[in-house]
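Student: From the sequence below, what's the structure:
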Amino acid sequence: MQEVFIHIFESINNFRENYGLSTWIYKISVSVSLDFLRKKKAKKRFALFQKIFYNEKNEVEKIPDTGKTAEEDYDNTIREKILDSEIGKLSRKQQIAVRLYYINGLNNSEISKIMGETISAVDSIIHRAKQKLKKNLYNYYIKRKNESF
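Tutor: Modelled structure (predicted):
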């Protein structure tokens with residue numbers, strides 16, 4: 001968060017009024033976060049899930065009982081890691097768009113402002129990312145299934 005505030009302070013003269021202030025700050029936050037993750041390449045694949053399951057004191061937060069068995073929870077954790085790994089293989093634009101859309105729940109209009117792309121470009125980026133993920137995950141699971149026999 002400190003890095004974001006420093007970046008905002010240093011670049012306040014570059015703020016364009018045609019962007020909303022919150023959109024501009026959000027765009028900086030995303031950019032600074034992605035730069036941090038890129039620098040921490042080894043931890044990049046697990047950073048998202050650590051943010052979800054760990055609190056600020058790095059303690060595991062109590063996860064509500066889902067009614068699933070431990071095996072189902074383990075399978076879901078493995079699937080999440082595989083998916084996050086595959087998202088990490090997408091282009092930077094695709095990674096940003098997919099995470100903003102699916103993880104942050106933003107719509108394409110909001111994403112287009114953050115990324116500086118048109119709405120149709122964001123649609124296209126997300127579509128191509130979904131197609132690539134579908135293909136890569138299909139290949140991953142088919143290859144794995146064939147290796148187990």
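
Student: Please state the backbone phi and psi of the spatially most central residue of the chain?
Tutor: Closest to where the C-alpha atoms of the chain average out (Cα atoms, centre = their mean) is R99, at 3.2 Å. In terms of degrees, to the nearest 10, the main-chain angles of R99 are phi -70, psi -40.

Student: Surely it is in contact with I87?
Tutor: Yes - in this structure, R99 is within contact of I87 by Cβ atoms under 8 Å, at 7.2 Å. Every C-beta, even on glycine, is put in place using the N, C-alpha and C of the backbone.

Student: quick one: the residue nearest to the centre of the chain and I12, what's the gap?
Tutor: Taking Cβ to Cβ, to the nearest Å as the measure, R99 and I12 are separated by 26 Å.

Student: Check Y19 too.
Tutor: For Y19, the distance to I12 under the criterion Cβ to Cβ works out to 13 Å.

Student: Also E86?
Tutor: Going from E86 to I12 by Cβ to Cβ gives 37 Å.

Student: which of those two has more neighbours?
Tutor: Residue environment comparison for E86 versus I12 gives the larger neighbour count to E86, 19 against 9, counting by other Cβ atoms under 10 Å.

Student: ok, that one - contacts?
Tutor: L133, N136, L137, Y140 (Cβ atoms under 8 Å, 6 or more residues apart in numbering).

Student: which residues of the chain score low on pLDDT?
Tutor: Segments of the chain classed as low confidence (criterion: pLDDT under 70) are 37-68, 73, 144-149.

Student: mind giving me the domain split of it?
Tutor: Per automatic domain parsing, the domain ranges recorded for the chain read 1-39, 41-88, 89-149.

Student: Alright, that wraps it up for me.
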